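>>> predicted structure and sequence below. I'll ask about it afterward.
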Amino acid sequence: MANVTALILRSPGTNCNDETQFAFELAGASCEQVHINQFLEQPKIAQKFQILCIPGGFSYGDDVGAGRIMAAQMRQRLAEALQQFRDAGKLMLGICNGFQVLMNSGLFDENPTSERSVTLTWNNNGRYEARWVNLKTKTDSCVFLRDTDLMYLPIAHAEGKFVVRDETALNSLAQNGQLALAYCDPSQNGNGALLPFPINPNGSDQNIAGICDPTGRIFGLMPHPERFVDPTHHPRWTRQGLDTKPDGRVIFENAVSYFA
Amino acid sequence: MATTDSQAVVSQSKSGSQNSVLWEIDIFPREGYPNRIADQISADAADLQIHANLQLDAAHGYLLQGDLTKQQVEQICAELLVDSVVQCHVIAKPGDSEISGQRNGLTSLIHVRPKPGVTDNEAESARRAIVELGFDVTAVQTLRKYWLPELPAEQLELICQKILANDSIEQVTVGPLQLSQIELGQPYEFQLHTVDLLNADDQQLQNISRDWQLSLTLIEMQTIKQHYQSLNRNPTDIELETLAQTWSEHCSHKTLAGRIRYTDENGTRQFDNMLKETIFAATQKIRADLGENDWCVSVFEDNAGIVRFNDTHNLAFKVETHNRPSAIEPYGGANTGIGGVIRDTLGTGLGAKPICNTDVFCFANPSTDVSELPPGVMHPRRIMKGVVAGVRDYGNRMGIPTVNGAVYFDQRYVGNPLVFCGNVGLIRTDRSHKQPQAGDLIVAIGGRTGRDGIHGATFSSAELTDASEKESGGAVQIGNAITEKMVMDVLLAATDENLFNAVTDCGAGGFSSAVGEMAEGLGAEVWLDKAPLKYEGLSYTEIWISEAQERMVCSVPPENWERLNEICSRESVEATIIGRFLPTGRLSLNFNDQEVGDLDLEFMHDGRPPVVRDATYTPKPIKQQPSIEADHSQTLHKILASPNVASKHWIIRQYDHEVQAGSVIKPLVGVNNDGPSDAAVIRPILDSRQGVVISCGMNPHFGDFDPYQMAASAIDEAVRNCVAVGANPNRIAILDNFCWGYTDRAETLGALVRSALACYDVAVAWKTPFISGKDSLNNEFTYTVDGKSTTISIPSTLLISAMGQVSDVSQCVTMDLKESGNLLYQVGLTHDEFGGSHFNLVNEIDGGAVPQVDIENALKTFHALHTAIAAGLVRSCHDLSEGGLAAALAEMAFAGGWGIDVRIDEIDGDCSTTKLFAESNSRFVCEVKPEHESAFVEQFSDAPIFKLGRVSSDRQFLIKSNQQTLIQDDIDSLKQSWRNTLDWN
């Protein structure tokens, strides 16, 4: 396999960078952590990577809103670099706070310069929540979710409720296959109705936990796949043993094998 | 570039343009979205029984000062401040009728803003981001606005005071905001102050100590006076402050390290240094006994204790208390408590990487009726919510998992809540020791210095009164986790490159404490005017003693300065040279080339007169356990529902316990991820299966009977929690945190000495070394009603925190029952021990014998159990603590989703109540597969075990004796009782 390289973008307050790098490395990528200050100074640095990942954490302390300050920097000063990266057929992944950044950067909107049509806002219960959730893949178009159906991953966030501005925006997302990943109850065949807490842990519209852009190459999700790459990460491994493959790994493997 | 921006000081008009305008932005949720701020206030008002159904509206917002048009402010909102999918906003000048009128018929308008000089982190982030967007903004402030209905003036004031604002850090404006600019600091005019000690008599010396909030005793003041008499001059204010800080209880532990004459039923013992002769001595003896196998690396000398982990890494562990600040401002107190202890490990050796947090709290019952609260205290529910939020927001933002904790409730914590914050760090073996060198630069890294937290060290050594809330506002610090995270990132990068010879954190006492400690045995000169400030107007003394957060001090060889500064500046962290270490034996403090203080370091560190105290302990007569007729099932429900035992999921789920991706055993375990784990296990190195185990033990109720047994029981509990998940008993290190009442009282100090003696005995026998500790004394609250003064002392509280190790985490076990048909065993002996038990607590009876620790046999039990667990013979294991066997079985059953069928006849003894509910130490329940039974039993040739029965295939919880049914219940109803008490919204 060709050497696939991932840029792990750090900012003040990013805190899942090391384990995200580790997850990419397990999948066979080589990684470099780059600080946002360096990226702002040399936007061209992105060109040598195939994958750009914004890991979880609290960029700029979540001040004025989760992901907003870093997103403003990306929109104002890195728009061109990101556009080139996207046009070159490369991959972008935003996990948790990274998803919040991508969302506020407008990368999931049809027209990035207009008003946002989607957002991530405060959980329905109004506080930070850490727990494991069941997830179901809802699209065929997302590179990161290829050959996945059900996954079990942890969430840890306060502002993870996915909200769509209106029906028009929702229809457009659905038609484009962008509604990629949803919270689910694996024991039931969901009919799309809003699932109750804690199955849908934050009250997200359409139970959505992650979305992609129309190309399927930019993906953001609130759950943390990098926190389930070893069997001992599973909250019930002492019950079920250590033989199952950790669900989080596949997301990183899909990204790396896309370039194989 | 962000770096240059960080050099810019938010300050008054000189950096602003002449066309400076002040704009206010009010942000509301859009129609159809909940108003979180208003809902929270309404819930708090109901909680505190101030208003059952308060209808209000609320907004959050910003004040923006700069050369800005309204259209530009609109742009700033769209780009940055407002999420238009779910929010809407109004922009106007402060006081404008558009934003100052009534809303939805609500007429009372209240504004809440930070007081001048109080750190406003969000505003600072917003200001930087707005500048980066290219707008000319000179100052930003956050605000919250509330519209309340017409209320009686008294009730409105109560709501403002108790819910809307914290007047130690925030200002309230009722009605329109009349403001044309954001108030900032005033320029400082230098003036050297001296304090006239030479002419002061004893009364005046005491007055000086009190008026300056020095918390120095008369003897200490006299000693200082004599010292300056010999120098033939008066001290400057900064010298006196430095001595007060260095000699404070908080920084020098002078009482416990003092001369104590201790008398109990066994006679009198004279200590020259009580801590050294008990806790430290135990560790020294263990290290000597272990010889070559000594695994302690650095104990009681650095900010945290260090022990060996593997060939490349050691582990550092520290637990701090942050009680006084949390009583006044729970959120900020807890926030800076966790921030401070993280800096402790970060400032250990040449920098440890923080890998997990542990947090333990003591509160009064959160359902206490408001009318029963003494004046001047905050409601325990509000304290608890604030403390949890403070720990949550700091720990989560730092990206350090909070993996372990406990909450203990007792009414005597009403005026003195206790907040213990702990942090574990991973440190390279070759970075575990520090030593500043002469010629090294003194470099401050991180946050700027402001007027926050002045006198924290001396304040935290004094008793609280009902006036403390008003007088001590300056002692409250405001944390900014992201600043600390940035400092951590650059510091760990710098230590990787070996760029400094020593590092320490600025904690209580600020630069004074950090530089003063590092300079000990060496000497230093400090240039106070070089320290970067948050705003103008700080005097040289304020700069020196400010406890502004997120600052570290490094001792940097001059040739490494450039590289260190580069690492810092590329990540927008400020690093500043503020002095240098010199081999002078003196601490020279300077401001703008003028010496403002010149202290003899030897006098500063060793000149304090020893504290001499008497301590006495009189054993309490044993009171017979009253015999009562109580239904076992009802008792079990009551114990499970009692707040100490009840599920803490409301707290735990707000903590990120999995960041850093090393989580192995989580705080909640079982078939539904909701059973109470005994301890947490993490893998700090991602590609290794080696694990660290964190647990704790604490039994304040036992202390009411015998502090010796309380201490022994706390160690037993901490160790057995560790062993229960698989930790090796030969590799458990422990920490002590004594929180006590007024130790100038001989009986109160006597209780403490007695527990320290137990610490020695147990630690030495088990070879379980103490590696670090911290005490917090004089935790008493005095209030006056109708001229009558009442004092509440906290129960004597010793927290033992344990850090264990497992060589392979795949051997670990959890407490939830795994499969039906498996066998259940009790490990350890049950005695008739009900003193301080939850059986007595929920049945409201008093008496009984307090649980003892059979030191020798407990150790055999731990080793036998560990061998069985390591051999894979144990499917689940839970320790027996509050509520005894019955509570442990119930927790195992509902966590696993299986019933049990148990008979307790085999257990030694003849009283069923005792077997079910006594709280004897060193006991466990184990679940064993039938095919492993004989191998399991074989491990316990030296330790007692009793067969109990089986895991059943239904959800019936059945405990019998002979043919009599003692408890028949279903696990779902037991779980309900356990979950409901603290299942808050």
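All right, it came through fine.

>>> in chain A, what residue is nearest chain B?
Nearest to chain B in chain A, going by Cβ to the nearest Cβ, is A:N15, at a distance of 2.3 Å. Heads up, the C-betas are built off the backbone N, CA and C, glycines and all.

>>> so what's that residue closest to, chain neighbours aside?
B:G399 (2.3 Å; Cβ to Cβ, 6 or more residues apart in numbering or on different chains).

>>> thought the one you found was touching B:K485?
Yes: using Cβ atoms under 8 Å, B:G399 is in contact with B:K485, at 6.6 Å.

>>> shared neighbours, those two?
A:15, A:58 (Cβ atoms under 8 Å, 6 or more residues apart in numbering or on different chains).

>>> in contact with A:F108, which residues?
A:102, A:118, A:173, A:178, A:211-213, A:218, A:220.

>>> if you set the cut-off to 7 Å instead, what comes out?
A:102, A:118, A:178, A:211, A:213 (Cβ atoms under 7 Å, 6 or more residues apart in numbering or on different chains).

>>> again, but for B:G675
Contacts of B:G675 (Cβ under 7 Å, 6+ apart): B:668-669, B:815-816, B:891, B:894-895.

>>> what do you get for B:H866?
B:723, B:728-729.

>>> cutoff 10 Å now
With contact set as Cβ atoms under 10 Å, 6 or more residues apart in numbering or on different chains, B:H866 has these partners: B:722-724, B:726-730, B:804, B:806, B:811, B:874, B:939.

>>> surely it is within a strand?
No: counting by DSSP: H, G, I helix; E, B strand; the rest coil, B:H866 falls outside a strand, being helix.

>>> and it, how far is that from chain A?
For B:H866, the distance to chain A equals 16 Å [Cβ to the nearest Cβ, to the nearest Å].

>>> ok, the helix or strand encompassing A:E25 near chain B or not?
Element membership of A:E25, judged by DSSP states H and E, is helix A:17-26. Yes: Helix A:17-26 reaches chain B (Cβ under 10 Å from any Cβ of the partner chain) through A:17-23, A:25-26.

>>> just the buried residues of those residues.
Among the residues of helix A:17-26 next to chain B, those buried by neighbour count (16 or more other Cβ atoms under 10 Å in any protein chain shown) are A:17-23, A:25-26.

>>> wait, B:N565 sits on B:E571?
No: with contact defined as Cβ atoms under 10 Å, B:N565 does not count as touching B:E571 (11.5 Å).

>>> how about the residue of the stretch 1-150 of chain B found nearest chain A: what's its closest non-neighbour residue?
Per Cβ to the nearest Cβ, B:S125 is where the stretch 1-150 of chain B lies closest to chain A, at 3.5 Å. What sits nearest to B:S125 in space, not counting adjacent residues and going by Cβ to Cβ, 6+ apart, is A:D63, at 3.5 Å.

>>> give the contact list for A:N202.
A:N202 neighbours (Cβ under 10 Å, 6+ apart): A:120-125, A:129, A:133, A:155, A:157-162, A:183, A:209, A:222.

>>> filter the residues you listed by proximity to chain B?
A:120-125, A:129, A:155, A:157-159, A:161.

>>> out of those residues, who's the most crowded?
Among the ones next to chain B among the contacts of A:N202, A:L120 has the most neighbours (other Cβ atoms under 10 Å in any protein chain shown), with 30 neighbours.

>>> is it true that that one touches A:I155?
No: using Cβ under 10 Å, A:L120 is not in contact with A:I155, being 11.9 Å away.

>>> residues from the stretch 701-850 of chain B in reach of chain A?
Listed as neighbours of chain A in the stretch 701-850 of chain B under the rule Cβ under 10 Å from any Cβ: B:725-726, B:809-810, B:812-819.

>>> where does chain B dip in pLDDT?
B:1-18, B:168, B:184-185, B:453, B:455-476 (pLDDT under 70).

>>> and what of chain A?
For chain A (pLDDT under 70), the answer is A:1-2, A:112-113.

>>> where along it do the helices fall?
Per DSSP state H, chain A carries helices over the ranges A:17-26, A:36-41, A:68-77, A:79-87, A:97-105, A:167-175, A:237-240, A:249-257.

>>> okay, now the residue of chain B found nearest chain A: neighbour count?
As assessed by Cβ to the nearest Cβ, chain A sits closest to B:G399 within chain B, at 2.3 Å. Counted by other Cβ under 10 Å, the residues lying close to B:G399 total 25.

>>> need the contact list for it.
A:13-19, A:55-58, B:354, B:481, B:485, B:488-489, B:656, B:659-660.

>>> now do the buried residues in stretch B:518-531.
B:518-520, B:522-531.

>>> which among these gets closest to B:T541?
B:T541 has its nearest neighbour among the buried residues of stretch B:518-531 in B:L528, at 8.7 Å by Cβ to Cβ.

>>> my read: the closest one touches B:D593, true?
No: with contacts counted by Cβ under 10 Å, B:L528 stays clear of B:D593, the gap being 11.0 Å.

>>> show me the domain layout of chain B.
With domains defined by automatic domain parsing, chain B comprises B:2-174, B:236-271+B:435-608, B:813-985.

>>> can you lay out the ones you listed as a markdown table showing distance to A:R239?
Shown next, in a markdown table, are the domains of chain B (distance: least, Cβ to Cβ, whole Å):
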| stretch | distance to A:R239 |
| --- | --- |
| domain B:2-174 | 37 |
| domain B:236-271+B:435-608 | 35 |
| domain B:813-985 | 6 |
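
>>> B:E780: which of these is closest?
domain B:236-271+B:435-608 (5.1 Å).

>>> how far off centre is that closest one?
20 Å (Cα atoms, centre = their mean, to the nearest Å).

>>> now stretch B:80-87
35 Å.

>>> quick one on the thing from earlier: give the full set of residues in contact with the residue of the stretch 1-150 of chain B closest to chain A.
Contacts of B:S125 (Cβ under 10 Å, 6+ apart): A:12-13, A:60-64, A:68-69, B:140, B:480, B:482.
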